[in-house]
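Asker: Return a 3D structure for these sequence lines:
(chains A and B)
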There are 2 protein chains.
Amino acid sequence: MVADFPHKAPRIRQDEPLGVSRYIDFLPLAKFDRTLSLGEGGTPLQPLTRLMAKFGLPPIYAKNEAMNPTGSFKDRGSIVAIHKAKAMGFKTVGTISTGNMAGSTAAYAAKAGLRSVIFVKEDTPKEKILAAGIFGALVVKVRGEYAALFRKSFEIGRSRGIYFMNSVDPYRIEGYKVTGFEIFDQLGGRAPDLVFVPVSAGGHLIGLIRAYQDLTTAGYLKKSPRFVGVQAKGCAPIARAFESGKDRIAPFPNPRTVAHAISNPSPPGGNFVLRLIAENGGAMESVSDDEILRAQRLLAEYEGIFCDPASATTLAAVFRMARRKAFSGRERIVLVITGSGLKTIEDLDIAELDVHEAGIDDLDTALPDRLPVGK
Amino acid sequence: MVADFPHKAPRIRQDEPLGVSRYIDFLPLAKFDRTLSLGEGGTPLQPLTRLMAKFGLPPIYAKNEAMNPTGSFKDRGSIVAIHKAKAMGFKTVGTISTGNMAGSTAAYAAKAGLRSVIFVKEDTPKEKILAAGIFGALVVKVRGEYAALFRKSFEIGRSRGIYFMNSVDPYRIEGYKVTGFEIFDQLGGRAPDLVFVPVSAGGHLIGLIRAYQDLTTAGYLKKSPRFVGVQAKGCAPIARAFESGKDRIAPFPNPRTVAHAISNPSPPGGNFVLRLIAENGGAMESVSDDEILRAQRLLAEYEGIFCDPASATTLAAVFRMARRKAFSGRERIVLVITGSGLKTIEDLDIAELDVHEAGIDDLDTALPDRLPVGK
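Answerer: Below you'll find the predicted structure:
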């Protein structure tokens, strides 16, 4: 059922829709089992026409991974990893998570008829626990250091026969390639010039870079796009190493950012990401919480996309590079939007929004004057 | 730009993907303007294989409308109505909403570069207000009766030149047809036998029924599926009228249900829905909050679908009819899942989920015994 990683002549299956089945030749799966699918993939690549016009940006697109079944890009990895878990005969899968991974792993386990065990940090908000627990997952809030928990999970996995499909699981990373392939197809069989991706553990970026390496090897492309990995200034272990020319990351002290989904002070794939970015000719950027929150608002107000703060780091990084005049203006840019704003809604400040109160009888007069009268 | 309602020879455009563009012949639009799109439509039709096996149900599928851009079926209507608003030259659109409609209208207005005005009930939870306000909408919390607000919105719309695209807006309803067309195509060019739909104002059900009337008129189908409209027992004005053989609804006193998205005590389309259901040979059902919450859990635990309570009424109604032996066992059943559980997460009871706490060092021993050791 599950093949080795593919060795030769992979082709895009033009008769299949966007998603795993179209790119199965490039994946370590013999066959796509539709009974495991929740309809992941085939997410829109939306041209950000209004932001482009307003801010004089180069052609820019959002690949909206928030439109996956559980609201984040994690589903791309979960569908491939769950194929592998089934094929290897596991009855239980697990993950450690600060949020998105928990819901995704629990949902795919449920669909596959497997048990799931989710370890979360003790301060994980109740909503994230509910969003995994609803799928019947066993959720454990764990006191202790996150990096130690990462190692501990593999120990428990080995002793109890649980497949821990954590952030840098090799099959999970293979799943992230599919997003890269889709962008290529959605641009009409061309690669973008620059791809902006929020970076936490690094697995997502690794998968996306590999997609274009695969397409180049298979003869679909002459060269890969350049990648810009983005972190929040409040937790930027990889960006900080990149900026100071180091080839190894150091744990980031006192992480503190509104972009919780990428607040990972000791990313396990960090050194590997640094090397990949260097080979790719790309860069790491870091952006402040103010820049992140402004970018989140702009994506919503101009493009109708409500993403989480982690996703908004990508647009914030574009603005930073635009201020540095880092673009020629002809680049085609893709932002990878990684998660839905609905999952982090408690972080919004209602005082900044345009909210009023009125009685039904004085509703008309209570409307602000700036609201136009007449078309 | 915007044509009259179509009169003759509409065809499914086989070379277009699922969504508005594929069924444009059946819609009152001359052309699909991609710059207005957020990637709505093309939602999965997921076979509920595990629930079917577990409970001995007929072949049953979920059409997962929660996977639309703002997390609900409302986006289907918003994309068509916003085309019309642009074509008619409106600069501002509006809606009244208890939740899903607010976010959808505000998002599509933002993408189109239009202002939006959203009237919500004064007790609307903060999260719903944030989920609309983030798009730059002017949100007004209005004290007063919801049905009166519905009328008032049209008054304000006329005097100020604002297009209020409320729940039973004719163009909105045309957009809901697309979901019906997609189900037909996703079943390989066949209609299901039974379609279960949560009913609030009635617009969604009206649109879905019309889709199959259109397909029948155009020669694609011999007969329409039968529709089962579902309401919560705590607010069931249409189901109550149906059950007592009346042809007019009465306002439902003291509405109270966990299915907030369909808690509408005086649905404006109610009498029309009653007549349509009768002509269709369908039925109205009502289900209790306990049945709803159980169905919500089962959809998550067996199928990996986390929907809101309103959506779960559909599965609850299937169980009710199964207990009455209302199925032959060969029907093909479609449940229309209307909204994401992420939007109503505060309604879940964490005490009912499998949540534990442990320190990192006693994590292994703290895992429940029932968790299997070894594969």
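Asker: Tell me the first helix or strand C-terminal of the longest helix anywhere in chain A.
Answerer: Longest among the helix segments of chain A by residue count, using DSSP state H, is helix A:170-186. Per DSSP states H and E, the first helix or strand lying C-terminal to helix A:170-186 is strand A:194-198.
Asker: Just the residues contacting the next helix or strand after that next one, thanks.
Answerer: Counting by DSSP H and E, the next helix or strand C-terminal to strand A:194-198 is helix A:203-217. Helix A:203-217 is contacted from outside by A:10, A:26, A:73, A:76-77, A:167-169, A:172-181, A:184, A:191, A:195, A:197-199, A:221-225, A:227, A:229, A:269, A:272-273, A:276-277, A:280, A:336, A:338, using Cβ atoms under 8 Å, 6 or more residues apart in numbering or on different chains. C-betas here are computed from N, CA, C, even on glycine.
Asker: Buried members of those residues into PyMOL, please.
Answerer: The PyMOL selection below is limited to those of the contacts of helix A:203-217 classed as buried (16 or more other Cβ atoms under 10 Å in any protein chain shown):
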select buried, chain A and resi 10+26+73+76+77+167+168+169+172+173+174+175+176+177+178+179+180+181+184+191+195+197+198+199+221+224+225+227+229+269+272+273+276+277+280+336+338
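Asker: Contacting chain B as well, which ones from the contacts of helix A:203-217?
Answerer: For chain B, no contacts are drawn from the contacts of helix A:203-217 by Cβ under 8 Å from any Cβ of the partner chain.
Asker: thinking again about what came up before, run the chain-centre distance for the longest helix of chain A.
Answerer: Distance of helix A:170-186 from its chain centroid, counting by Cα atoms, centre = their mean, to the nearest Å, is 11 Å.
Asker: List phi and psi for the closest residue to chain B within the stretch 151-300 of chain A.
Answerer: At 4.1 Å from chain B, residue A:161 is the closest residue in the stretch 151-300 of chain A, using Cβ to the nearest Cβ. Per-residue torsions, residue A:161: phi 70, psi 40 (degrees, to the nearest 10).
Asker: Report the separation between it and residue A:12.
Answerer: 36 Å (Cβ to Cβ, to the nearest Å).
Asker: What of residue A:334?
Answerer: 18 Å.
Asker: Please apply the same query to residue A:278.
Answerer: Distance from residue A:278 to residue A:12, by Cβ to Cβ: 29 Å.
Asker: okay, now the domains of chain A?
Answerer: A:34-70+A:170-348, A:74-164 (automatic domain parsing).
Asker: distance between the ends of the first one?
Answerer: Across its full length, domain A:34-70+A:170-348 reaches 37 Å between end residues, using Cα to Cα, to the nearest Å.
Asker: just checking, residue A:25 touches residue A:10?
Answerer: Yes. Assessed by Cβ atoms under 8 Å, residue A:25 is found in contact with residue A:10 at 3.5 Å.
Asker: What pLDDT does the model give the residue positioned nearest the centre of chain A?
Answerer: The centroid of chain A falls nearest to residue A:338 when counting by Cα atoms, centre = their mean (3.2 Å). Predicted confidence (pLDDT) at residue A:338: the value is 98.
Asker: all helices for chain A, in order.
Answerer: A:49-55, A:74-87, A:100-112, A:126-133, A:146-160, A:170-186, A:203-217, A:237-243, A:270-280, A:289-303, A:309-323, A:363-366.
Asker: Tell me which of residue A:278 and residue A:12 has more neighbours.
Answerer: residue A:12 (17 against 13; other Cβ atoms under 10 Å in any protein chain shown).
Asker: follow-up on the earlier one: mean pLDDT and distance to residue B:90 added to the helices of chain A, as JSON lines?
Answerer: As requested, the helices of chain A are exported to JSON lines (pLDDT from 0 to 100; distance: least, Cβ to Cβ, whole Å):
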{"stretch": "helix A:49-55", "mean pLDDT": "97", "distance to residue B:90": "17"}
{"stretch": "helix A:74-87", "mean pLDDT": "98", "distance to residue B:90": "37"}
{"stretch": "helix A:100-112", "mean pLDDT": "97", "distance to residue B:90": "38"}
{"stretch": "helix A:126-133", "mean pLDDT": "92", "distance to residue B:90": "36"}
{"stretch": "helix A:146-160", "mean pLDDT": "91", "distance to residue B:90": "50"}
{"stretch": "helix A:170-186", "mean pLDDT": "98", "distance to residue B:90": "31"}
{"stretch": "helix A:203-217", "mean pLDDT": "97", "distance to residue B:90": "40"}
{"stretch": "helix A:237-243", "mean pLDDT": "98", "distance to residue B:90": "44"}
{"stretch": "helix A:270-280", "mean pLDDT": "96", "distance to residue B:90": "46"}
{"stretch": "helix A:289-303", "mean pLDDT": "98", "distance to residue B:90": "18"}
{"stretch": "helix A:309-323", "mean pLDDT": "98", "distance to residue B:90": "28"}
{"stretch": "helix A:363-366", "mean pLDDT": "84", "distance to residue B:90": "18"}
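Asker: quick one, what contacts residue A:130?
Answerer: Contacts of residue A:130 (Cβ under 8 Å, 6+ apart): B:345, B:348, B:350, B:353.
Asker: quick one: the third one and residue A:124 touch, right?
Answerer: This points to residue B:350. No. Under the criterion of Cβ under 8 Å, residue B:350 makes no contact with residue A:124, lying 11.9 Å away.
Asker: Mind checking the domains of chain A for the one nearest to residue B:66?
Answerer: Smallest distance to residue B:66 across these (Cβ to Cβ): 8.6 Å, for domain A:34-70+A:170-348.
Asker: now the closest one, how far from the chain's geometric center?
Answerer: 7 Å.
Asker: and what of stretch A:32-46?
Answerer: 15 Å.
Asker: which parts of it are buried?
Answerer: A:32-33, A:36-46.
Asker: Same list (those residues) but as JSON lines, adding pLDDT.
Answerer: Formatted as JSON lines, those follow (pLDDT from 0 to 100):
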{"residue": "A:32", "pLDDT": "97"}
{"residue": "A:33", "pLDDT": "97"}
{"residue": "A:36", "pLDDT": "98"}
{"residue": "A:37", "pLDDT": "98"}
{"residue": "A:38", "pLDDT": "98"}
{"residue": "A:39", "pLDDT": "98"}
{"residue": "A:40", "pLDDT": "98"}
{"residue": "A:41", "pLDDT": "98"}
{"residue": "A:42", "pLDDT": "97"}
{"residue": "A:43", "pLDDT": "98"}
{"residue": "A:44", "pLDDT": "98"}
{"residue": "A:45", "pLDDT": "98"}
{"residue": "A:46", "pLDDT": "98"}
